[in-house]
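>>> Fold the stuff below for me.
(chains A and B)
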Amino acid sequence: MKTNIRGWGGWLLLALVVAYVVFLIVAPLTALVQGAFQNGLREAGQSLTAKPFIQALWLSVRIAVAVVAIQAIFGTLTAWVLTRQSFFGKALLNGLLDIPFALSPVVVGYMLLLLFGRNGFLGPLLESLKLQVAFAVPGMFLATLFVSLPFMVREMAPVIARLDLSQEKAAETLGASRWRIFWQVIFPQLKTALIYGMTLTFARALGEFGAVLVIGGGVQGRTETATLYIFRSLDERQHTDAYVAAIVLGAFSVLLVLIADTLKRRRNAD
Amino acid sequence: MDLTLFQGERKSGLSIWALRVPVLLYIGLMILVPLLVILQDGFREGIGELVHQITLPIARHAISLTLWTAALMTLINAVMGLATAYVLVRYEFPGKRVLNAIIDLPLSIPTLVTGVMLVMLYGPQGVLGNFLANELGFQVIFAPPGIVIALLFISFPFVVRTIQPVLMNLDLAQEKAAATLGAKPWYTFRTVVLPNLLPPLVSGSLLSFSRAIGEFGAVVIVAGNIPLKTQTAAVYVLGAVESENRLGASAISLLLIAVATLILLTANRVQKSWESRYEN
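Below you'll find the model as predicted:
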């Protein structure tokens, strides 16, 4: 056993930290797994393949994929403008980007309701266009877009800031077009951060709950995402359904982030 | 979107704007417009009505519950986050990598799932919950302790991960010197290490506090929605939206936005002053 801990004080501190992590994180995780299987594998299997669950999960995945696609483009663009350009109002732009981190998801959903709801600011306009945003998938998409906004930007900005400008200049001197410089010089260096940012965004989008509850209403079969399905199952005391869905959602998110972490570490080690 | 313009921004004014305008539009439409709309809605009936909505007994209780549970969490999280970061940076022990990996789990687990996990553990059917309620008469679920535990779970990585890099870059020579001069470990920590860790500790704690006051998914499952007892501010907003109490929803939302923004600004300032100190 390799250790550099000297004296009982150090061991006591280590024991305290380990006990805290076990109590805070490991114990609840274990309880969830145990709860999902408490009525046997067969019932857990039934919950896993229940049609409303598959439907809800599919809606979550669809929204998350759309959000990741938008965020990959606009997040990168935002990070680029923030690191390479300086202009009046940049500090404000930077500050606004932190807002989604700190804002309650319920408030996010409510703000969108104020904009797009029937009595909202854009309500009459949307009605005349026969477009439904609130209590429909487009509203849930916008809510998820809002809460996941900073992830991509904060992941890309430091990487863009570290790019070696001399490479771009060399390519330019050699007569490469801007398009070619982007794809052959800049993009390869951004790829790892891009994938990592997209994964974080995807995991965040998949787990969004409060904002999509308020703007979407959680109507089964129509606006029910995986998190809303868990919430309804708990409410209706379908405990195994809720626990199994929670495990699937939790495990999926954790796995995604773990894979992205490993990729990033391997790339950084190269 | 014309990516080819990336390179030209030092040369032509046009291409600078071709990138800047979409970004300003995106952030403006996505974040600024909703904020302005809720600001307008909250002040629609004047500031008196706004204050009235915030000071209604149920709202006031929800706000104070939110603030004190978040504050208690921040305190515990600061101490335990500091201890965890210290152990991870300075100690070598078997299982260190596992411990390090576990700390990030709360970042990727959806907060609703966190709530479900805690109900499993501390709820009436849970092993621990049963023991605590029946043997010790200590209620966790549907009570404030559940809120604090849920917030602790969610916030754990924030302080650990802000302190870790700073601690890693600290000059060990200072600590060794203090030890050589006969200082006890605790004394060395307090007088040599802690002052250097204070800025990240403060900014990490502020960030976790600002996140905690808005937390919804975990809290609504763990605490339920009992007005004047376990209803937090975010859950109050949900109730107000559902009962079409638009003034109440806007007022409490604005309060949450104001507090979160104020804390973010303070955290940024702390970080900036500390960075500038290091540059000098």
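
>>> Show residues contacting the worst-scoring helix or strand of chain B on mean pLDDT.
Every helix and strand in chain B was compared by mean pLDDT, DSSP states H and E; the lowest is helix B:127-135, with a mean of 81. Helix B:127-135 is contacted from outside by A:Ala27, A:Ala31, B:Leu121, B:Tyr122, B:Gly123, B:Pro124, B:Phe138, B:Gln139, B:Val140, B:Ile141, using Cβ atoms under 8 Å, 6 or more residues apart in numbering or on different chains. C-betas here are computed from N, CA, C, even on glycine.

>>> So chain B: which segments form each domain?
Chain B resolves into domains spanning B:1-42, B:48-279 when parsed by automatic domain parsing.

>>> all helices for the stretch 101-250 of chain B, in order.
For the stretch 101-250 of chain B, applying DSSP state H, counting those that start in this stretch gives helices covering B:111-122, B:127-135, B:144-169, B:172-180, B:185-188, B:194-212, B:217-223, B:233-242, B:246-279.

>>> between the longest one and helix B:144-169, how big is the angle?
Think helix B:246-279. Here helix B:246-279 runs at 20 degrees with respect to helix B:144-169, directions being taken by axes from the mean of the first three to the mean of the last three Cα atoms, to 10 degrees.

>>> Pull out the buried positions in helix B:246-279.
Across helix B:246-279, burial judged by 16 or more other Cβ atoms under 10 Å in any protein chain shown covers B:246-257, B:259-261, B:263-264, B:267-268, B:270-271, B:274.

>>> so which of those are also by chain A?
B:Arg246, B:Ala249, B:Ser250, B:Ser253, B:Leu256, B:Ile257, B:Ala260, B:Thr261, B:Ile263, B:Leu264, B:Asn268 (Cβ under 8 Å from any Cβ of the partner chain).

>>> Can you tell me which residue of the stretch 151-270 of chain A sits closest to chain B?
Going by Cβ to the nearest Cβ, chain B is nearest to A:Gly207 of the stretch 151-270 of chain A, at 2.7 Å.

>>> what about that residue, neighbour count?
If you count neighbours by other Cβ atoms under 10 Å in any protein chain shown, A:Gly207 ends up with 27.

>>> about what we covered before: report the two of the ones next to chain A among the buried residues of helix B:246-279 separated the most.
B:Arg246 and B:Asn268 (32.2 Å; Cβ to Cβ).

>>> Figure out the helix or strand that A:Ala91 lives in.
helix A:90-102 (DSSP states H and E).

>>> Now do the buried residues in that helix.
Quick answer for helix A:90-102 (16+ other Cβ under 10 Å): A:Leu93, A:Leu96, A:Leu97, A:Asp98, A:Ile99, A:Pro100, A:Phe101, A:Ala102.

>>> residues in contact with the third one?
Remark: with contacts taken as Cβ under 8 Å, 6+ apart, A:Leu97 is in contact with A:Thr78, A:Leu149, A:Pro150, A:Val153, A:Arg154, B:Ile27, B:Ile31.

>>> Quick check on the residues you listed: which are buried?
When these are checked against 16+ other Cβ under 10 Å, the ones flagged as buried are A:Thr78, A:Leu149, A:Pro150, A:Val153, A:Arg154, B:Ile27, B:Ile31.

>>> Those residues into CSV, with extra columns for pLDDT and secondary structure?
Output for these, formatted as CSV (pLDDT from 0 to 100; DSSP: H, G, I helix; E, B strand; the rest coil):
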residue, pLDDT, secondary structure
A:Thr78, 95, helix
A:Leu149, 94, helix
A:Pro150, 93, helix
A:Val153, 94, helix
A:Arg154, 92, helix
B:Ile27, 93, helix
B:Ile31, 94, helix
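
>>> and of those residues, the nearest to B:Leu172?
Nearest to B:Leu172 among the buried ones among the contacts of A:Leu97: A:Arg154, at 30.4 Å, using Cβ to Cβ.

>>> contacting residues for that closest one?
Contacts for A:Arg154 (Cβ under 8 Å, 6+ apart) come out as A:Ala79, A:Leu97.

>>> switch to 10 Å and redo it
By Cβ atoms under 10 Å, 6 or more residues apart in numbering or on different chains, A:Arg154 lies in contact with A:Gly75, A:Thr78, A:Ala79, A:Leu82, A:Leu97, A:Asp98, A:Phe101, A:Gly197, A:Leu200.
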